[in-house]
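1. kindly generate the corresponding structure for this input.
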Amino acid sequence: MPEVRQISSVPRDQAAEGSSDDTYVVSNHNRWSRVVFDVKDVSSDTWCAVEFQISWHADEEARSVHDFAAVGIDFLSEDGSHIDFAYVPGLARTQIDPHSYHMAGPGYYDRSSDHSHSARVLFNFFVPAPAHHLTLTIRSWRNSHPFKICDLRIHQSVQTPSYASVESVKLQPSDRQVTAPRRAWWNLSTAPQWLNYGVAPGHPLLIRGQLINEGKASDEALALVVFRDAKGKQLPPPYEAVSSSPVLGPFLDIPIHRQARRFTLELHPPSEAATVELGFQVPADDSRISLVTPLEVSIGDELLLENILGDDVSNPLVFMEKVCDRLHLHPEAQRMRASPVDQLIDPKNFGALFTFHDRLRAIQSGEAPAISDNHLTLCGLEPWPFPEAFEWTEDPYKSPAWRLEFQSLSWLLDLAARPELGGSTRAVELALSWAQSNPWNEPKDALSTYPMSMATRAEVLLHLLALTSGSKNGKDIKRRQTLFAEIIRYGFTLSEIVSQNIFSPTLIQLRVACALLAVGRANPHFPLAAYWKSIALAQIRSAFDQLIGSDGSSIEQSLHDRLEIVSIGLLLTHSLEDEPEAKEFRERLTVRLRAALKVLVGMTDPSGMLPPLGDAPRGYHHASWLRRMISGYGRSLLADSELAEELSYPAGPRMFVSEGDGIVVFRDYERKPHWSYLCASFGEQRRENGHHNCSSFVYTARGTRWVTDPGGSIIHDTGSIRHYLTSSRAHNIASPDRHDQSSGLGLIEERMSLNHANIIRIGTNTYGPSYEHARVFLCLDNLNAIAVFDCFRGHGSPISIDGHLHFDENVAVALTSSNLAIGFHGKNRLRIVPHAVAGEYNGMTIQNGCNGRRGELQGFVSHPRGGLRPANVLTYRFSGSGDVCGGVILAINDLGFRRIMDLLATPELKAVLRMPGRESQLAQQDAATS
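-> Numbers count the residues shown, from 1 in each chain. Okay, here's the model as predicted:
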């Protein structure tokens, strides 16, 4: 077993009445009912496991919620300073605690817990450097009655290095340290690193951030300050509340007396200022200070959306009047015009309107219109007839995805292009009808406030404004004014979402920032446009630094979302061509996108689809998506010979590995329909939006998709359905003693080729420190047969392993004997044979549509409209004491099966399937006994 270090925890304050030395009661009064523990001396850049026993009241009402209670984690440096991390693997960002893990309700645990009213909670998370201490808070959330916790244990372990065998690639521990781009911190030096922000004269600019000091006990950083006018000319100092020196010029001093220092810079722009440049630096080269990015930026309380709206502002034009008043927009000009809005709209700015969501949709799905024959088709569902009048609560298919797309108003752009259906006039009328029916903070459909829906809607309003911008008609002028006011209101909303880093680093944050960039660029006469553009670009830069590594790898589990991120990146490089200040960003981003594309193309199967690992919305053909994306926005990337080779999709057997992405692909392709393919995923698992599928795989043989992944999508599925689809039991993995996977990752311990077969062994840490685990894939070159084995080692007590295979819904599966199952698809057959290496085989079962208990759902795959549909799942079992290793052989013919059995008899394969260190461990035991 890997070395395990138990870490002590000390309760900070008294829990609710009834607590004792080792048992703590958390009441159900509110979310401030909690028990807090101080955890000292944790190791940085290492995974940490937390486990405890939870006991709930017999009359607990919130049994079926997936966020019954919360465990909050706050990271601290050695001197107790709080450290801000945008992303921590295994945890979700939350408001009350910096990061949290939500415990599921009693209905999600083993059936035996119904009698004991208790269960064991276990989860993993990563401890990023330079954190060395934790504050752990177990907090009331949705529980209707108090609950108890006891036997809290916190421990860390380090994955041990594996062995090597003949003809294999031996991977040293240092080779297997996969560095995910978890953060985008700047290491400061004596050369300043610059940020540029637009400003609103007469209003303060507030910049909030944190500095991390790993050097001297007391040090400092500087922020150089340069204000410029609208033409880019530097405004001479002095600046209000800013120091100045002959050497540095204007600057703000940020003293650092602790290892982590939060700071707020308040700048008061001169009246002529349009932008400000901030250069962060340290005064000495030996300083070890980092700036945590992205920063939080705001422009003062007077321009906060909630303060402008107040309690009675629902009319967009009234809102706009308040905004103009606070921005002091030329009152003499306002008296000469019908509305202060008119002076801010310039039709010339809409001629080169560049928006992202409509272009992204065209890349993803082609130019197929959403409207045909007075019917609306969204999300690949049945056409829906246009009603005479819209209620804006429509939900004809009980589909969250359809509602999101409907509420985004993206389809209005297709309506605007159809004169026979009313064209742009009707599209504008419907947009204004939506706005009137959905006053701020009172939406008809709560999904309309989903950030990506809002981002898309903002860009739709921009296009509709462009269509009315040149009209002299009185009705059109009024509509134009209302549209513009509504767009400005969206600008305020999107800017606050973006600047506060609420969704950083995610695809949501990226898409919202792109919409804000489009709004700012399309309305340059509005005084906050430059500010909106600047914070959007700052967030976009930071998002790509975190989402895509320099080698093209990504922290995003969903391959669909990863392709979407790359698509947005190419749209950005195209849209920013004429902006000199973005040149360096474009060049850096292009390199990353090129590398990421190689990986994505290498993952696609011969039919042109990415494997459905992680969130996988249906209805997309990824090869067509890639083709449209590259031909429209990425032709220059084809100069890269390696990418061009991947795009040519060479025939024959091939193995493709991207360890940074946690992906291994085997394929056999001869430009015929009977191709074969296997893809396994072992990348870093993120709890807040990811699937627990480390070492899961999909398998196609001779054109038949046999083993699949249940898929699902966060925009389709919620509640217990979402909980099931992301749980480890919904994936093709093995679990020891019915323990689900927690967060963690897999690392390739060994790979080798032997007798026209490929072998890869992946070690994982997703089952916590109680188990050492490795999964071995053995694949013939032609993939007519494969074998998948799981090797577990515990603490010496008996282990029972359950392995799952989820089959495509068109595949029938039958047990013909205790040692043989057969899959049927048309005339094709797949033999499934269990094989024990260490331990005993305990039989197989088949489940289909079992839904008697929320925590035991099994035998389902996701439905394209959301929800579940039944499918076959085969479960195989092994047990033993100490080391247990077993798995299944999948073969479409006898020859393939015999070749696998011959390979399993070789010394090389026997060594691969042996847990490392077992012989030396036995030798030590023998020596101790003698």
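
2. would you map the helices across the stretch 801-930 of the chain?
-> 894-904, 907-912, 918-929 (DSSP state H, counting those that start in this stretch).

3. pLDDT score for Pro246?
-> Looking at Pro246, its pLDDT is 92.

4. typed the wrong thing, it's Pro340
-> As summarised for this prediction, Pro340 has a pLDDT of 69.

5. next, Arg775: secondary structure please.
-> On the three-state scheme (DSSP: H, G, I helix; E, B strand; the rest coil), Arg775 is labelled strand.

6. residue contacts, the closest residue to it other than its chain neighbours?
-> By the measure of C-beta to C-beta, 6 or more residues apart in numbering, the closest residue to Arg775 outside its immediate chain neighbours is Ser695, 4.2 Å from it. Just so you know, the C-beta spots here come from the backbone N, C-alpha and C atoms, and that holds for glycine as well. The contact partners of Ser695, by C-beta atoms under 8 Å, 6 or more residues apart in numbering, come to 680-682, 733, 746, 762, 764, 775, 790.

7. and Ser695, its phi and psi?
-> Reported as degrees, to the nearest 10, the phi and psi values for Ser695 are phi 80, psi 10.

8. let the chain start at 888 from now.
-> With the count now opening at 888, the last piece we talked about shows up as Ser1582.

9. any idea how far it is from Ser1600?
-> When distance is defined by C-beta to C-beta, to the nearest Å, Ser1582 is 22 Å away from Ser1600.

10. what's the answer for His1660, then?
-> As defined by C-beta to C-beta, His1660 lies at a distance of 28 Å from Ser1600.

11. out of these two, which sits in the more crowded spot?
-> Comparing His1660 with Ser1600 by neighbour count (other C-beta atoms under 10 Å), the higher total belongs to His1660, at 28 against 21.

12. that one touches Pro1623, doesn't it?
-> Yes: shown here, His1660 and Pro1623 form a contact pair, counting by C-beta atoms under 8 Å, at 7.4 Å.

13. for the contacts of Ser1582, work out which two are farthest apart.
-> The most widely separated members of the contacts of Ser1582, counting by C-beta to C-beta, are Ser1568 and Asp1677 (15.2 Å).

14. more crowded one of these two?
-> Here Ser1568 and Asp1677 are compared on neighbour count by other C-beta under 10 Å; more neighbours surround Ser1568, at 28 against 25.

15. show me what the helix or strand containing Glu1164 is packed up against.
-> Glu1164 belongs to strand 1162-1168 when assigned by DSSP states H and E. Other helices and strands packing on strand 1162-1168, by 3 or more C-beta pairs under 8 Å, 6 or more residues apart in numbering; DSSP states H and E, are strand 1080-1085, strand 1106-1115.

16. contacting residues for Ile960?
-> With contact taken as C-beta under 8 Å, 6+ apart, Ile960 is in contact with 975, 978, 984-988, 1012, 1021-1024.

17. if we can go back for a sec, for the helices and strands packed on strand 1162-1168, which one sits closest to Gly1456?
-> When those are compared for distance to Gly1456 using C-beta to C-beta, the nearest one is strand 1080-1085, at 20.8 Å.

18. pull out the buried members of the contacts of Ile960.
-> Under a neighbour-count criterion of 16 or more other C-beta atoms under 10 Å, the subset of the contacts of Ile960 counted as buried comprises 975, 978, 984-988, 1012, 1021-1024.

19. so what's Asn1729 closest to, chain neighbours aside?
-> Sequence neighbours aside, Arg1764 is the residue nearest to Asn1729 in space, at 3.9 Å (criterion: C-beta to C-beta, 6+ apart).

20. next, work out how far apart that neighbour and Asp1624 are.
-> Noted for Arg1764: a distance of 11 Å to Asp1624, by C-beta to C-beta.

21. what is in contact with these two at once?
-> The overlap between the contact sets of Arg1764 and Asp1624 (C-beta under 8 Å, 6+ apart) consists of Ser1687.

22. which residues of the stretch 1188-1337 of the chain score low on pLDDT?
-> Of all residues in the stretch 1188-1337 of the chain, those with pLDDT under 70 make up the ranges 1198-1200, 1217-1227.
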